[in-house]
Structures are given as C-alpha cells and as structure tokens.
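J.: let me see the structure of the following:
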Amino acid sequence: MTNRIVLLVTSPRLPAGLLTAAAWDVVRAAPVLAAAESELLRAVRAAGARVTVVDGHATPALLDAAAAHGTAVWLAGPAGDEALARELGLRLAREPGLAELELMYGSWDPPGARLLDAVAVMDRLASPGGDPWKRAQTHRSLAGFLLEECYEAYDAISAGDTDALREELGDVLLQVVLHARLAEELPEGERWTVDDVAGGLVDKMVRRNPHVFADAEAGSLEEITASWERIKRAEKARDSVLDGIALSQPALALAAKILERAGRVGLAVPPPLTESQVDPEARLGASLLATVAAAREADLDPEAALRRTALAYADAVRAAERTTHRTPHP
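T.: Presented below is the predicted three-dimensional model:
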C-alpha cells in the first residue's frame, strides 16, 4: 500500500475544531504534525489525536511518519504553508515511491471572512502600540476623509473603472472600521462596535425586505419601493418629509433631494421667483433651484449633468494649455 501525506488546510477565521467529517476521520486515524501550537491543534489533541509539533525541517518528519504509519497529516498554518507543499511536491515527483501527496480542505472561509481580518488589523492599529495617527483621530477629524473616499469611489463608478472601484470601496471600508474602533473608546453607555454597525444593518435589511425574508408578496418594483418607504416611516418618527436628508451634500444634489421628497407626498410648493429676490446671490440661488426643478421634471440628475459638463470643460482647459505651451514666443 502506498504511503500517504495529507496536507490539511483550514480556515483560521472559523472556530477551532470546526472541521469536515472527512478531516476529523483522518486526524483521528493518523499522526498529526504541525509547525506550531494553535487553537486548532489543541482542539485536535483534545479529541484524542496523536499530535507532534515539528521543531525544524518538516519534510523528513512527514516522510518518516508516513513510512511508520501509512498516513501522516500535516496541519497547515493560517497561510496554508505553500512553501512546504511545493517542497514536498518536488521531492515526491523525484521519488514517487515514497508517498502520495493529498490536499484536503478541512474548512473553508465563508463569504466575507476577510472582513474579520480588516477588523483585526484595525484593532491592532488603533490599540496601544499601534499607529499613533489613527489613535489620535476622532469621528469629527475623520469626517472629511469619509467624504473624500466616497467621492473617489463615485469617480471610479463614473469612469466605469471597476478595478479602481474595488480599491476605493476598500478605502471607504477603512473609514467604517476605523470609526467603529474609535467608538469602542467612548464613555460607558455611548460606546459601540463594528458588530453593532453590522447587526443594525442586518436587522434593517431583513425588516425592510419582507418580500424576501417574510411571507409578503414581492409585487412590482413600485410596490416594493412603496413598502420600503412605509416601513421606513414606521421606524423613524419624523415631523417632516424632509427629515433625514443629508444637509452637507453638494447643493445641487441637496436641492434635487428636497424637490424629490416634496413631490413624493404631493406637496406642490413653487420655488422662489428669481425676479422677486432682493440681492444677486439670492437671485442666482433661485435661478439654480429653478434649473434643478426643470431637471427633475425631465428625469435628469442635475449633479451628474453639471459634473459631466464641468469635466468636459476641464478637458478643454487642459487642451488649451497644451496648445498655448507649444506656441513659440516671438
């Protein structure tokens, strides 16, 4: 019978001992070797497996164990021990009679597992001995960075650059986990954690989508949107249809949102007349608001429209600069 070496790879993000039935069968039946102590190794040992921590070169120890017992298991570390797998593969390719090499997955990362890594890294950075800059920040000092990162993600979307969007969303996520980590330092009764953020989001998604998580009929998109709005109104006691609008957003987007909210409940409040305003700034504001109202009637996004035209104008300015710089001086 050919000897066998099993490289057992597991997810370091799952609780120790959470292994497949096949993985438990092999670690109970064969000696288990590993490079270092770990929670998983202790769980395997507690279950009655024969466990050895190898101090030094692992390949000879694995070959000896396989020769003595027929099968030997290498419990890979958190990074998967690719260098050892490569070394074993080359050795057994040269001497195929020594043993067969088998890769076994004892557990897998669930979707979103790397979010746990992001939280752990941020905890290290924002804890004593970590990054002094992050430890010195507050929610207020970071507010501008959050806006900036969201705008950069918006730019990536506008450019149709999905690779850049992935990176920029990572920067937005950094802001989320940093704000959550700083909130852990708030006074008792005020503090919260990233789990509170995620838990609140999960509860909201489930609550506002009864057509998915309950027995409600899905209906049309319009009916789903109306249901969302009804549930949202029931959650938040508001005195005005305008409550909850982000007042710090760009003025064109703010104006469009106010007009959209007013129209949603059938309020026909005419915008101020330009000629009735008493000063140039007020007249300009009234004129811009009228333009936003006209854009809404035409189902256009005034913020996106102005951004598009402004960027095109910027390209024209750069082209003019290049032409000017190429023109020789008399």
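J.: elements contacting the least confident helix or strand in the chain by mean pLDDT?
T.: Within the chain, confidence by mean pLDDT, DSSP states H and E is lowest for helix 221-235 among all helices and strands, at a mean of 75. Where contact means 3 or more Cβ pairs under 8 Å, 6 or more residues apart in numbering; DSSP states H and E, helix 221-235 is packed against helix 194-208, helix 210-213. In this view, the C-beta of every residue, glycine as well, is placed from N, C-alpha and C.
J.: reformat the ones you listed as JSON lines; add mean neighbour count.
T.: What follows is those, written out as JSON lines (neighbours: other Cβ atoms under 10 Å):
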{"stretch": "helix 194-208", "mean neighbour count": "13"}
{"stretch": "helix 210-213", "mean neighbour count": "13"}
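J.: lowest-confidence stretch among the ones you listed?
T.: Of all the helices and strands packed on helix 221-235, the minimum mean pLDDT falls on helix 210-213 (a mean of 85).
J.: what does that helix rub up against?
T.: Residues from elsewhere that reach helix 210-213, judged by Cβ atoms under 8 Å, 6 or more residues apart in numbering: 206, 216-219, 224, 227, 231.
J.: enumerate every residue touching residue 302.
T.: Contacts of residue 302 (Cβ under 8 Å, 6+ apart): 252-253, 255-256, 291-292, 295-296.
J.: first vs last residue of stretch 157-167, how far apart are they?
T.: With Cα to Cα, to the nearest Å as the measure, the first residue of stretch 157-167 is 12 Å from its last.
J.: can you list the buried residues in it?
T.: residue 165 (16 or more other Cβ atoms under 10 Å).
J.: what's the answer for stretch 73-83, then?
T.: Buried positions in stretch 73-83, judged by neighbour count with 16+ other Cβ under 10 Å: 73-77, 81.
J.: how about the least confident helix or strand of the chain, which residues are buried there?
T.: 224, 227.
J.: who are the packing partners of whichever strand or helix holds residue 286?
T.: In this structure, residue 286 sits in helix 280-297 according to DSSP states H and E. Judged by 3+ Cβ pairs under 8 Å, 6+ apart, helix 280-297 is in contact with helix 251-264, helix 302-326.
J.: buried residues in the first one, which are they?
T.: Right, the one you point to is helix 251-264. Neighbour counts using 16+ other Cβ under 10 Å place 252-259, 261 of helix 251-264 among the buried residues.
J.: how about the contacts of residue 302, which pair is most distant?
T.: Within the contacts of residue 302, 253 and 291 form the most distant pair, 13.3 Å apart (Cβ to Cβ).
J.: quick one: pLDDT of residue 284?
T.: On pLDDT, residue 284 comes in at 94.
J.: how close does it get to residue 104?
T.: Here residue 284 is placed at a distance of 70 Å from residue 104 (Cβ to Cβ, to the nearest Å).
J.: those two: which has the busier surroundings?
T.: residue 104 (18 against 12; other Cβ atoms under 10 Å).
J.: look up phi and psi at that one.
T.: phi -130, psi 130 (degrees, to the nearest 10).
J.: what about the closest residue to residue 125 other than its chain neighbours, how many residues nearby?
T.: Leaving out its chain neighbours, the residue that sits closest to residue 125 by Cβ to Cβ, 6 or more residues apart in numbering is residue 131, at 4.4 Å. By the measure other Cβ under 10 Å, the count of residues near residue 131 is 13.
J.: which of the contacts of helix 210-213 sit farthest apart?
T.: 206 and 219 (18.1 Å).
J.: ok so, going back, could I get the contacts of residue 302 as TSV with pLDDT and distance to residue 238?
T.: Output for the contacts of residue 302, formatted as TSV (pLDDT from 0 to 100; distance: Cβ to Cβ, whole Å):
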residue	pLDDT	distance to residue 238
252	89	24
253	89	20
255	92	20
256	91	20
291	93	28
292	93	23
295	93	26
296	89	22
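J.: okay if I get those as JSON lines plus distance to residue 18?
T.: Output for those, formatted as JSON lines (distance: Cβ to Cβ, whole Å):
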{"residue": "252", "distance to residue 18": "52"}
{"residue": "253", "distance to residue 18": "47"}
{"residue": "255", "distance to residue 18": "53"}
{"residue": "256", "distance to residue 18": "50"}
{"residue": "291", "distance to residue 18": "59"}
{"residue": "292", "distance to residue 18": "55"}
{"residue": "295", "distance to residue 18": "54"}
{"residue": "296", "distance to residue 18": "53"}
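J.: what is the nearest of the residues you listed to residue 14?
T.: residue 253 (42.7 Å).
J.: contacts only, for the closest one.
T.: Contacts of residue 253 by Cβ under 8 Å, 6+ apart are 302-303.
J.: residue numbering should commence at 6 henceforth.
T.: Will do, 6 is the new start, and the previous item becomes residue 258.
J.: how far away is it from residue 298?
T.: Applying Cβ to Cβ to residue 258 and residue 298 gives a distance of 14 Å.
J.: likewise residue 263?
T.: Distance from residue 263 to residue 298, by Cβ to Cβ: 10 Å.
J.: alright, that wraps it up for me.
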